[in-house]
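Peer 1: this one's sequence-less:
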């Protein structure tokens with residue numbers, strides 16, 4: 001189950017709705033709203049008001065009284081969470097920003113960028129950054145080289161899926177990542193296809209990936 005939360009509330013209002021975790025305020029209100037909204041998204045995804053978050057020895061969050069796997073993310077004014085009964089999972093959310101181009105060389109190879117349609121370079125860079133983040137969270141392994149160990153095989157824009165080879169483990173895993181794109185207009189969130197770079201610059205756009 002996946003849930004999204006677009007932040008329209010104050011930290012105090014968000015805290016009043018939270019049951020899944022204990023909130024200790026940070027000094028920064030922005031951090032407070034991100035932390036709270038991500039857990040409220042998870043609360044929606046789990047659907048059990050008695051569930052409680054705790055962390056393992058590696059600091060990875062899990063549900064103390066639920067069988068299942070969880071993952072959370074936040075960016076801009078939105079948060080996202082996923083809950084799966086049994087399988088490992090990973091989720092990532094990114095507010096589109098064309099400045100992703102400046103660091104793309106750190107996580108993408110030339111062969112991968114050649115798979116991008118013309119006019120979609122920044123959009124695909126943001127998409128691939130998010131997707132590789134989801135793979136990283138799925139793997140729960142520290143020090144993964146996004147460029148060498150998470151290899152893009154292909155992007156299917158029609159089915160909104162991306163296939164990767166995760167080489168950080170042996171044998172390597174072939175993984176399918178799902179994605180969706182959302183546009184925010186007057187605080188209303190609507191789903192849209194992945195748009196060209198110029199179109200993505202209009203309004204507020206988010207890219208969600210998960211597996």
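Peer 2: Alright, I've got the coordinates. All figures in this text were calculated on a predicted structure; none of them were measured in a lab.
Peer 1: all strands for the protein, in order.
Peer 2: 2-6, 53-55, 61-63, 69-75, 78-84, 91-95, 150-156, 161-166, 173-185, 188-192, 204-210 (DSSP state E).
Peer 1: so can I have TSV of these showing mean neighbour count, mean pLDDT and distance to residue 121?
Peer 2: For glycine as for every other residue, the C-beta is placed from the backbone atoms N, C-alpha and C. Shown next, in TSV, are the strands of the chain (neighbours: other CB atoms under 10 Å; pLDDT from 0 to 100; distance: least, CB to CB, whole Å):
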stretch	mean neighbour count	mean pLDDT	distance to residue 121
strand 2-6	20	96	26
strand 53-55	13	79	38
strand 61-63	15	79	34
strand 69-75	22	93	20
strand 78-84	25	96	23
strand 91-95	24	98	15
strand 150-156	17	97	13
strand 161-166	19	97	16
strand 173-185	17	97	16
strand 188-192	11	95	18
strand 204-210	23	97	14
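Peer 1: rebuild those strands as a markdown table, extending it with distance to residue 129.
Peer 2: Below are these laid out as a markdown table (distance: least, CB to CB, whole Å):
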| stretch | distance to residue 129 |
| --- | --- |
| strand 2-6 | 19 |
| strand 53-55 | 25 |
| strand 61-63 | 22 |
| strand 69-75 | 11 |
| strand 78-84 | 15 |
| strand 91-95 | 6 |
| strand 150-156 | 11 |
| strand 161-166 | 12 |
| strand 173-185 | 12 |
| strand 188-192 | 19 |
| strand 204-210 | 9 |
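Peer 1: figure out which of those is closest to residue 18.
Peer 2: Closest of the strands of the chain to residue 18 is strand 53-55, at 10.3 Å (criterion: CB to CB).
Peer 1: so what strands line up beside that closest one?
Peer 2: When pairs are called by DSSP bridges, strand 53-55 turns out to pair with strand 61-63 (antiparallel).
Peer 1: of the strands of the chain, which is nearest residue 141?
Peer 2: Using CB to CB, the strands of the chain put strand 161-166 closest to residue 141, at 9.3 Å.
Peer 1: tell me the strands beside that closest one, with direction?
Peer 2: Paired neighbours of strand 161-166 in the sheet (DSSP bridges): strand 150-156 (antiparallel), strand 173-185 (antiparallel).
Peer 1: got the contact list for the last one?
Peer 2: Going back to what we said before, that points to strand 173-185. Here strand 173-185 makes contact (CB atoms under 8 Å, 6 or more residues apart in numbering) with 4, 6, 77-78, 127, 130-131, 134-135, 138, 153, 160-166, 189-195, 203-211.
Peer 1: what angle do that strand and strand 2-6 make?
Peer 2: 30 degrees (axes from the mean of the first three to the mean of the last three CA atoms, to 10 degrees).
Peer 1: tilt between strand 173-185 and strand 91-95?
Peer 2: Here strand 173-185 points in a direction 40 degrees away from that of strand 91-95 (the same axes, to 10 degrees).
Peer 1: quick one, strand 173-185 and strand 78-84 angle?
Peer 2: Interaxial angle, strand 173-185 versus strand 78-84 (the same axes, to 10 degrees): 140 degrees.
Peer 1: burial count for residue 117?
Peer 2: Residue 117 is flanked by 12 other residues according to other CB atoms under 10 Å.
Peer 1: let me redo that: residue 26
Peer 2: Counted by other CB under 10 Å, the residues lying close to residue 26 total 13.
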